[in-house]
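Colleague: kindly return the folded structure for what I paste below:
(one chain, ligands or ions: 1)
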Amino acid sequence: MIEKAIAGFKAAFGYEPQGVWSAPGRANLIGEHTDYNEGFVLPFGIDKRTYVALASRQDSTCRVSSDIDGKTYETNLTSVPVNLDWALYPLGVAWVMREWAKSGFDAFFVSDVPVGSGLSSSAAIECAIGVALNEIWDAGRTRQEIALLGQKAENQVVGAPTGMMDQTASMLAEKDSAVFLDCQTLEARAIPLNLEPRNLVVAVMDTRVAHRHSDGGYRVRRESCERGAKTLGVSSLRGLTVQDLPRAEAELDEVDFRRVRHVITENQRVLDSIEALSEGDMERFGELLLASHDSMAHDFEISIEELDVAVEVAMKTGAVGSRMTGGGFGGAAIAVIDKGLLPQLEKNCKEAFAAKGYGEPKVFAVVPSEGARRER
Ligand code: GLA
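Modeller: Okay, the predicted model is just below:
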């Protein structure tokens with residue numbers, strides 16, 4: 001991939017890049033739609049990454065290209081970038097970092113993070129360019145700050161009202177660990193997963209039903225949560241616990257109540273998961289994953305039939321636990337499962353999807369990997 005990024009750069013711009021940087025996509029183990037409610041999340045960086053070969057220029061022009069569509073997109077940081085397709089993500093990051101800009105740049109992207117699968121291909125782009133620009137512009141931002149700049153680009157330039165989980169995972173990820181993040185205090189801690197000694201893997205079952213968070217459902221869910229917090233007199237749903245559920249039920253309409261119940265119980269499930277993982281209680285962890293999926297399917301209503309089937313198939317195949325991952329309305333489910341059962345899981349998913357007339361899913365293992373870094 002590094003060589004591919006360099007070759008792509010040379011073909012697109014006709015000279016040698018200054019360096020190559022990369023950042024991983026992420027899978028979220030548990031803690032969904034809790035980040036923008038100042039709650040808890042537990043994602044990890046995956047072994048699929050986006051690479052950017054980049055060089056600074058003498059002038060203020062910023063050009064990005066990739067092997068996605070072979071096009072080159074251009075801005076010069078004098079006005080906010082618009083209508084640039086995927087290039088809004090990297091040029092959006094350059095825009096939110098413009099106060100540190102010392103020059104324009106040329107950048108070429110290659111990626112093996114699947115797009116639209118709920119594995120944060122967009123955060124991988126944002127964090128790869130974020131670390132690259134931080135270095136060539138000598139911006140001096142911390143890893144956490146770069147994550148927040150990525151989120152800012154996504155919110156303000158792309159127009160997706162997402163939280164900070166994906167970028168934080170991509171920046172702070174560590175090998176063999178998940179990132180436990182408190183989205184209120186921004187305290188982050190690596191949680192060792194010890195999957196390998198237990199012969200377990202995290203399998204991704206990608207339904208290949210694409211989602212986008214800049215439209216509809218995600219925003220409406222977020223609004224429900226904000227309305228719920230306001231009615232219940234807290235600045236965010238983080239201010240509530242399961243003890244507040246009866247009051248929430250009395251004061252909110254039926255739909256908002258279920259949205260709020262998902263967030264409150266999901267926060268608790270993240271904390272319980274940390275405890276289960278630290279005690280090595282995989283059975284309990286598996287139950288929490290399933291309870292999380294159930295809450296997303298019924299209370300938050302962001303699952304789709306394909307995701308429910310994937311989870312059901314995983315459990316029948318012998319998974320420890322399984323749930324949809326990411327923003328929902330498509331994308332992928334994960335399963336924690338014995339390594340030896342992976343081929344069977346793939347076969348069962350494909351058969352179940354074919355029997356239902358769904359498109360063919362992709363099933364593969366992901367390995368918790370290191371966060372954004374310079375490659376060369
Ligand atoms: C998307 C967003 C994240 C988070 C998840 C849901 O991935 O980008 O900020 O809200 O959905 O947990």
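Colleague: is stretch 260-268 positioned near the ligand?
Modeller: No - using C-beta under 6 Å from any ligand atom, stretch 260-268 never reaches the ligand; the gap is at least 8.9 Å. Where you see a C-beta, it was placed from the backbone N, CA and C, and this is true even at glycine.
Colleague: quick one: contacts of that stretch?
Modeller: Stretch 260-268 is contacted from outside by 30-34, 37, 39-40, 224-225, 228-229, 232, 237-238, 240-242, 244-245, 248-249, 252, 291-292, 295-296, 299-300, using C-beta atoms under 8 Å, 6 or more residues apart in numbering.
Colleague: tell me which of those residues fall in strands.
Modeller: Members of those lying in strands (criterion: DSSP state E): Phe40.
Colleague: list only buried entries from the contacts of stretch 260-268.
Modeller: Among these, those classed as buried by 16 or more other C-beta atoms under 10 Å are 30-34, 37, 39-40, 224-225, 228-229, 232, 237-238, 240, 244, 248, 252, 291-292, 295-296, 299-300.
Colleague: which of the residues you listed come close to the ligand?
Modeller: 32-33.
Colleague: where along the chain do the strands fall?
Modeller: Counting by DSSP E, the chain has strands at residues 19-28, 40-41, 43-56, 62-66, 72-75, 105-111, 177-182, 188-192, 200-206, 321-325, 332-338, 362-366, 373-374.
Colleague: how about the first one, which residues are buried there?
Modeller: Buried residues in strand 19-28, counting neighbours by 16+ other C-beta under 10 Å, are found at 20-28.
Colleague: by contact count, what packs against that strand?
Modeller: helix 2-13, strand 43-56, helix 121-136, helix 165-172, strand 373-374 (3 or more C-beta pairs under 8 Å, 6 or more residues apart in numbering; DSSP states H and E).
Colleague: now swap in the last one and tell me
Modeller: Contacts of strand 373-374 with other secondary structure elements, assessed using 3+ C-beta pairs under 8 Å, 6+ apart, are made with strand 19-28, helix 121-136.
Colleague: quick one: closest of those to the ligand.
Modeller: strand 19-28 (6.1 Å; C-beta to the nearest ligand atom).
Colleague: give the pairing partners of that closest one; include direction for each.
Modeller: Using DSSP bridges, strand 19-28 pairs in its sheet with strand 43-56 (antiparallel), strand 373-374 (antiparallel).
Colleague: identify, by residue count, the longest helix of the protein.
Modeller: helix 254-278 (DSSP state H).
Colleague: most packed of the helices and strands packed on strand 19-28?
Modeller: Most buried of the helices and strands packed on strand 19-28, by mean neighbour count (mean count of other C-beta atoms under 10 Å): helix 165-172, with a mean of 30.
Colleague: residues near Gly70, how many?
Modeller: Using other C-beta atoms under 10 Å, Gly70 has 10 other residues around it.
Colleague: what distance do you get for it to the ligand?
Modeller: From Gly70 over to the ligand the distance is 27 Å, taken as C-beta to the nearest ligand atom, to the nearest Å.
Colleague: pLDDT value on that residue, please?
Modeller: Here the pLDDT value assigned to Gly70 is 86.
Colleague: so what's it up against?
Modeller: Applying C-beta under 8 Å, 6+ apart, we find Gly70 in contact with no residue.
Colleague: same check on Ile146?
Modeller: Contact analysis of Ile146 by C-beta under 8 Å, 6+ apart lists 127, 130-131, 134, 167, 171, 372.
Colleague: tell me which of the residues you listed is nearest to Asp308?
Modeller: Gln167 (28.4 Å; C-beta to C-beta).
Colleague: give the contact list for that closest one.
Modeller: 123, 126-127, 130, 146-148, 150-151, 154.
Colleague: which members of those residues are the farthest-apart pair?
Modeller: Based on C-beta to C-beta, the longest span within the contacts of Gln167 runs between Ile146 and Glu154 and measures 13.0 Å.
Colleague: turn the strands of the chain into a markdown table, columns for distance to Val270.
Modeller: Shown next, in a markdown table, are the strands of the chain (distance: least, C-beta to C-beta, whole Å):
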| stretch | distance to Val270 |
| --- | --- |
| strand 19-28 | 10 |
| strand 40-41 | 4 |
| strand 43-56 | 11 |
| strand 62-66 | 35 |
| strand 72-75 | 38 |
| strand 105-111 | 28 |
| strand 177-182 | 8 |
| strand 188-192 | 10 |
| strand 200-206 | 16 |
| strand 321-325 | 12 |
| strand 332-338 | 15 |
| strand 362-366 | 19 |
| strand 373-374 | 27 |
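Colleague: relative to Glu99, which of those strands is closest?
Modeller: Of those, the one closest to Glu99 (C-beta to C-beta) turns out to be strand 62-66, at 14.7 Å.
Colleague: could you pull up the mean pLDDT of the closest one?
Modeller: The pLDDT scores in strand 62-66 average 97.
Colleague: cool, and stretch 291-304?
Modeller: In this model, stretch 291-304 carries a mean pLDDT of 97.
Colleague: show me the contact partners of it.
Modeller: Outside stretch 291-304, the residues that reach it (C-beta under 8 Å, 6+ apart) are 30, 32-33, 207, 209, 217, 221, 258-259, 261-263, 265-266, 269, 307-308, 311, 322-324, 327-330, 333.
Colleague: try 7 Å this time
Modeller: Applying C-beta atoms under 7 Å, 6 or more residues apart in numbering, the contact partners of stretch 291-304 are 30, 32-33, 209, 217, 221, 258-259, 261-262, 265-266, 269, 308, 311, 322-324, 328-330.
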